[in-house]
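1. below are the sequence and a predicted model for it; my questions follow.
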Amino acid sequence: MTATDVTRPVREAPAFSDPPTLGRRNALDVAAAGRRDVARSVRRTGANALRASAALVAFLVLWEAAPRAGLADPVFLPPFSTVAVTFLGLVADGTIGTQVGTSLARAGAGFAIAVLVAIPLGLVVGWYARAAQYLSPFFELFRNTAALALLPVFILVLGIGETSKVAIVVYACFFPLLLSTITGVRTVDPLLVRSARSLGLGSPALFVKVVLPSAVPTVFTGVRMAATSSILVLVAAEMVGAKAGLGYYITYTQFNFQIPEMYAGIVTIALVGVAVNACLVLLERRLMRWRAS
């Protein structure tokens, strides 16, 4: 071995390196997997939507076919296509928008008043046993009295104007909100309450940090029931005495034998109810995102 061989540095074998296209191939695989997941999710959503709408589609097909096949009198039950065309025409000329706006204003006012009164009262009654002892007999008496049974009383006392209609909505919404709030407070897990007290939380902090979050799902059930009741009761009240609103419009078209317009008003009530419920479901999910975490 010569001196040159001793001083010459040893050349290390090159480390293994990925082929130039391997990183690109991995990225393409990830992108393809992502596209497959998206496509699978879209197919699953479409299948669920198809199953959910099957009964509704069958009902609409039956509605369309029955008058045309002579199973129902088309004068009193027009085909669905006729009602749909009439509905679109009423939407285009603003008739439906005017009636819906009037009814929603009344229902919204009554619903808001009921929420502001019934939920705080339900929290008090559900949390304090002494308040429940005094108020429960009164609530039991009136919650079993139908709102529409008291409609003549509201009209006699408050008149036939807007006040009586808003008041009947308040009455119809009050008890679902009140009872669901009381139930939500009383069904809080006792273990959570004892754990919070063992950590030194006083009654106000315990109520705000433990009781209220636990009661929110049950309260929202009452909110959705009350929203549905507000629309149904208001429509019935508008049929008795009103000059605008969906209930008035349905009665007016019936008396004038405008049957397609009458059914268009009924379809509008159904669509409004679905839309209101969907908005409340979205609000509930947003306020209770902590349940999924």
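-> That came through, no problem. Numbering: from 1, shown residues only.

2. how about whichever strand or helix holds residue 171: buried residues?
-> For residue 171, the host element (DSSP states H and E) is helix 162-186. Buried positions in helix 162-186, judged by neighbour count with 16 or more other C-beta atoms under 10 Å: 164-185. In this view, the C-beta of every residue, glycine as well, is placed from N, C-alpha and C.

3. how about stretch 256-267?
-> Here stretch 256-267 shows 259, 260, 261, 262, 263, 264, 265, 266, 267 as buried, counting by 16+ other C-beta under 10 Å.

4. and which of the residues you listed is nearest to residue 112?
-> Lowest distance from residue 112 to the buried residues of stretch 256-267 (C-beta to C-beta) belongs to residue 265, with 24.6 Å.

5. next one: phi and psi at that closest one?
-> phi -70, psi -40 (degrees, to the nearest 10).

6. pLDDT score for it?
-> Looking at residue 265, its pLDDT is 90.

7. going forward, begin numbering at 12 instead of 1
-> Right, with 12 as the first residue, what we last looked at is residue 276.

8. skipping adjacent residues, who's closest to it in space?
-> residue 261 (4.3 Å; C-beta to C-beta, 6 or more residues apart in numbering).

9. which residues does the one you found contact?
-> 246, 250, 273, 276, 277, 280 (C-beta atoms under 8 Å, 6 or more residues apart in numbering).

10. can you do 10 Å?
-> Going by C-beta atoms under 10 Å, 6 or more residues apart in numbering, residue 261 touches 110, 246, 249, 250, 272, 273, 274, 275, 276, 277, 279, 280.

11. the fifth one against residue 106, yeah?
-> Spelled out, it's residue 272. Yes. At 8.4 Å, residue 272 and residue 106 qualify as touching, with contact defined as C-beta atoms under 10 Å.

12. what touches both of these two?
-> 100, 260.

13. which SS class is the residue nearest to residue 276?
-> At residue 261, secondary structure determined by DSSP: H, G, I helix; E, B strand; the rest coil is helix.

14. for this protein, which segments are assigned as helices?
-> With DSSP state H as the criterion, the chain has helices at 14-18, 33-79, 91-103, 106-138, 140-154, 162-169, 173-197, 201-209, 214-217, 223-251, 257-266, 270-298.

15. now those as CSV including distance to residue 85?
-> What follows is the helices of the chain, written out as CSV (distance: least, C-beta to C-beta, whole Å):
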stretch, distance to residue 85
helix 14-18, 108
helix 33-79, 4
helix 91-103, 8
helix 106-138, 23
helix 140-154, 44
helix 162-169, 34
helix 173-197, 35
helix 201-209, 60
helix 214-217, 64
helix 223-251, 25
helix 257-266, 17
helix 270-298, 9
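
16. deepest in the core, which of the ones you listed is it.
-> helix 173-197 (a mean of 23; mean count of other C-beta atoms under 10 Å).

17. now that helix and helix 140-154, what's the angle there?
-> Angle, helix 173-197 to helix 140-154, by axes from the mean of the first three to the mean of the last three C-alpha atoms, to 10 degrees: 140 degrees.

18. re the thing from before, now flag whichever of the buried residues of stretch 267-278 is closest to residue 293.
-> Once C-beta to C-beta is applied, the member of the buried residues of stretch 267-278 that ends up nearest residue 293 is residue 278, at 22.8 Å.

19. report the separation between that closest one and residue 269.
-> Taking C-beta to C-beta, to the nearest Å as the measure, residue 278 falls 14 Å from residue 269.

20. for residue 94, same thing?
-> In terms of C-beta to C-beta, residue 94 sits 12 Å off from residue 269.
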